[in-house]
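Colleague: Quick one: sequence and predicted model below, then my questions.
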Amino acid sequence: MNRPITLFTGQWADLPFEEVCRLASQWGYDGLEIACWGDHFEVDRALAEPDYVMRKRAVLARYGLDVWAISNHLVGQAVCDHPIDIRHQQILPARLWDEDPEHVRRNAAREMQDTARAAALLGVDTVVGFTGSSIWHTVAMFPPVPPAAIEAGYADFAERWHPILDVFEEHAVRFALEVHPSEIAYDFWTTRRTLEAIGHRPSFGLNWDPSHMIWQDIDPVEFILEFGDRIYHADCKDTRVRPRDGRRGRLSSHLPWGDPRRAWDFVTPGHGDVPWEDCIRALNTIGYRGPLSVEWEDAGMDRLTGAAEARGFLQELSRIAPPATAFDAAFASQSAEGDAHE
C-alpha cells in the first residue's frame, strides 16, 4: 500500500524549518508532519501574512516534500487542562499566556480554531494534537473521586471542544487526538468515552501512536480494529519495556528518559516491543491510506541516525500490502471450471 512516510518535526523544532526539510529529503522521506512551534509553522503568521503559506510550500517543494498534516499539541494541551501552571507557560507562545488560567484556556481554544483555518490555507485536512484534560490529575483515584467528577470532566471537554470543531468543520479539516496519558483519552475505554462525549462528530478522530499503548498494556492492534473508522493519522514511535525486577514501576518514578532504572523508554521504531507487522496488517484491514509519520524519540540513539533508520524500517514494512485477490482464489477457479465441464 503506497502510504507516504513522513517525519514529525516536533522533536526537531530547535532546527530551522529549511534544515529539517533538507535532512528529511536526504533520508528519503515523502514529506513532513509539521509542528506548529519553532519556526516550522506559526499559526498567527499563516493567517496574517498573505505569502506565509506560499513560502512554506516553496521550501517543501525545493526539497521534494509534501505535507498531509500539521500538529499543534502544545496549544491543544491548554484547552482543557487543570491546573494551568508553569509547565504550560514554558510551552505556549507568549501571546497566549495570562496569569488567569481560564484566560489561557480560552486563548488556547481560539488558537486551535485558527489552526484549522491555517491548515486549510496550507491545503491539509488533518490537525494532530492534544486536548488536555481536567480530570487526568485524578487518575490515581485518591483522594476518592466521585463518578460525578469524572462525568464533569468529559462534559467540560465537550463544552470546550464543540466550538473548536465547528470551525474545523467550516473549513473541512479534521482533528486527530493523539491518545496519550494526560489527555481526555489515554487508553481504550477512555477513548470510547471521549468519542461518546463529543457525540461522535466526524471532525473529531484519533492519531494512532502505539508507543503510549505498549507501556500501559493496551494492544495497539486491537485498538486499530476497534476504532478503525476514527483513525485519521498514524504516528510511528516505539517503546521498549524493561524486564520486571521488582523495582521498576510502570510509572517510572519521575526518572529521566534513558535512565536504566525506568520500567520503559521510547525508542526508535523497530527497537522496541511494538508488533509493527501486525499493526501494518491491521491498518491495511481498516483501509488506512494516510501517512506513517515517524515521531522520533530515543534517549539512547543519535537522532540523525535514528530518523534515517526509522524511515528505512517503515519503508520495508510498507511492502506488506493486501493482495489483489485472495491467495486461495486459484482453487476456487479450478473448482468452478471443473463444475462447468460436468
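Modeller: That came through fine. Quantities reported herein were computed from a predicted structural model and do not represent experimental measurements.
Colleague: Could you use CA atoms for every contact and neighbour count after this?
Modeller: Will do.
Colleague: what's in contact with the helix or strand hosting Arg55?
Modeller: Assigning secondary structure by DSSP states H and E places Arg55 in helix 52-62. The contact list for helix 52-62, computed with CA atoms under 8 Å, 6 or more residues apart in numbering, reads Glu18, Cys21, Gly31, Arg45, Ala46, Asp66, Leu121, Leu122.
Colleague: Not counting sequence-adjacent ones, nearest residue to the last one?
Modeller: Read that as Leu122. Val53 (5.8 Å; CA to CA, 6 or more residues apart in numbering).
Colleague: again with Pro291
Modeller: With CA to CA, 6+ apart as the criterion, Pro291 has its nearest non-adjacent residue at 4.8 Å, and that residue is Pro4.
Colleague: what are the ranges of the strands in the stretch 201-342 of the chain?
Modeller: 204-208, 231-236, 238-241, 264-267, 292-294 (DSSP state E, counting those that start in this stretch).
Colleague: that older thread, can you give me the pLDDT of the residue nearest to Pro291?
Modeller: pLDDT for Pro4: 98.
Colleague: The nearest residue to Asp66 once chain neighbours are set aside and Asp273, how far apart?
Modeller: Closest residue in space to Asp66, ignoring its immediate chain neighbours: Gly31 at 4.4 Å, by CA to CA, 6+ apart. Noted for Gly31: a distance of 26 Å to Asp273, by CA to CA, to the nearest Å.
Colleague: again, but for Asp166
Modeller: Taking CA to CA, one finds Asp166 at 39 Å from Asp273.
Colleague: Compare those two (neighbour count), which wins?
Modeller: Asp273 (18 against 15; other CA atoms under 10 Å).
Colleague: related to what we said a few turns ago, just the strands of the stretch 201-342 of the chain: most buried one?
Modeller: strand 292-294 (a mean of 27; mean count of other CA atoms under 10 Å).
Colleague: Tell me the strands beside that one, with direction?
Modeller: strand 5-8 (parallel), strand 231-236 (parallel) (DSSP bridges).
Colleague: now the angle between strand 204-208 and the last one, please.
Modeller: Relative orientation of strand 231-236 with respect to strand 204-208: 20 degrees, computed using axes from the mean of the first three to the mean of the last three CA atoms, to 10 degrees.
Colleague: List the contacts of strand 231-236.
Modeller: Contacts for strand 231-236 (CA under 8 Å, 6+ apart): 8, 126, 128, 174, 176, 205-211, 224, 269, 288, 290-295.
Colleague: Just the C-alpha atoms of it, please, in PDB.
Modeller: The C-alpha coordinates for strand 231-236 follow below in PDB (Å, rounded to 0.1, in the frame of the first residue of the first chain):
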ATOM      1  CA  ILE A 231      -8.000   6.700  12.900                       C
ATOM      2  CA  TYR A 232      -7.200   9.900  10.800                       C
ATOM      3  CA  HIS A 233      -3.400   9.800  11.200                       C
ATOM      4  CA  ALA A 234      -0.700   7.500  12.400                       C
ATOM      5  CA  ASP A 235       2.500   8.400  14.400                       C
ATOM      6  CA  CYS A 236       5.100   5.700  14.500                       C
END
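Colleague: Check which helix or strand Asp44 maps to.
Modeller: Per DSSP H and E: helix 43-48 holds Asp44.
Colleague: Check which helices and strands that helix is in contact with.
Modeller: Applying 3 or more CA pairs under 8 Å, 6 or more residues apart in numbering; DSSP states H and E, one finds that helix 43-48 contacts helix 52-62, helix 101-122.
Colleague: Those: which one's closest to Ile84?
Modeller: Among the helices and strands packed on helix 43-48, helix 101-122 comes nearest to Ile84, with 5.5 Å by CA to CA.
Colleague: Report the buried residues of that closest one.
Modeller: For helix 101-122, the neighbour count (16 or more other CA atoms under 10 Å) marks 101-102, 104-122 as buried.
Colleague: Many thanks, we can stop here.
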